[in-house]
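J.: Next come a sequence and a model predicted from it.
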Amino acid sequence: MEKPLILIVEDDEKSRRLMKDVLEHQGYAVMETAQGEVGLDLIRRCHPKLVLMDIHLPGISGLDAIREIRADAEIAGTPVIAVTASVMGNVREKIHAAGFDGFEPKPLNLKAFLGTIRRLVPV
C-alpha cells in the first residue's frame, strides 16, 4: 500500500525537519520545500493528500499561495493547513478567510498536530 503524501512548505529548517520526522515516523511519505513557488509547482505535479504551509515565506506568501491553489480547478480541493507562529486573532481570521482548511500554531503541539493530520489524511 502506498503511503499518503504530505507536502511541507516551510522556510524554517528546524520546523520543517520536525514535521518531516514526525510524519515519516507515523507512516506518511513527505516532500518538502522552503519556497511557496516551488510548493505550488509540487502541488500541481505530485498531488499531495495534504499540504502544511507556513504563512510567512520568501517570495510568495502562504496567503497568496492558498489563493492560487483555490483558484486552480485542478488543485483547488487539496487540503491545506496553515502552520505559523502568528497566532493573533486577526491572523486566524485571515487564514480562514483565505481558504485554509485548518491552522496549527508554532511551536507545534505534536498531539494536536497529529490529530489534525490523521483527521484529514488517515494512514
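T.: Now that the structure is in, tell me what you want to look at. Numbering: from 1, shown residues only.
J.: Centre-most residue in the protein?
T.: With distances taken as CA atoms, centre = their mean, Leu52 lies nearest the centre of the chain, 1.1 Å away.
J.: show me what contacts Val30?
T.: By CB atoms under 8 Å, 6 or more residues apart in numbering, the contact set of Val30 is 5-8, 19-20, 23-24. Yep, even glycine has a C-beta here, placed from its N, CA and C like the rest.
J.: about what we covered before: how about the backbone phi and psi for the residue nearest to the centre of the chain?
T.: phi -110, psi 120 (degrees, to the nearest 10).
J.: quick one on the thing from earlier: the contacts of Val30 in strands, which ones?
T.: 5-8 (DSSP state E).
J.: Show me which of these are buried.
T.: The neighbour count (16 or more other CB atoms under 10 Å) marks 5-8 as buried among the ones in strands among the contacts of Val30.
J.: Which strand or helix spans Phe103?
T.: strand 102-105 (DSSP states H and E).
J.: got the contact list for the helix or strand following that strand?
T.: Where DSSP H and E defines the elements, the next helix or strand beyond strand 102-105 is helix 110-120. Here helix 110-120 makes contact (CB under 8 Å, 6+ apart) with 6, 19, 22-23, 26, 28, 49-50, 79, 81, 101-102, 104.
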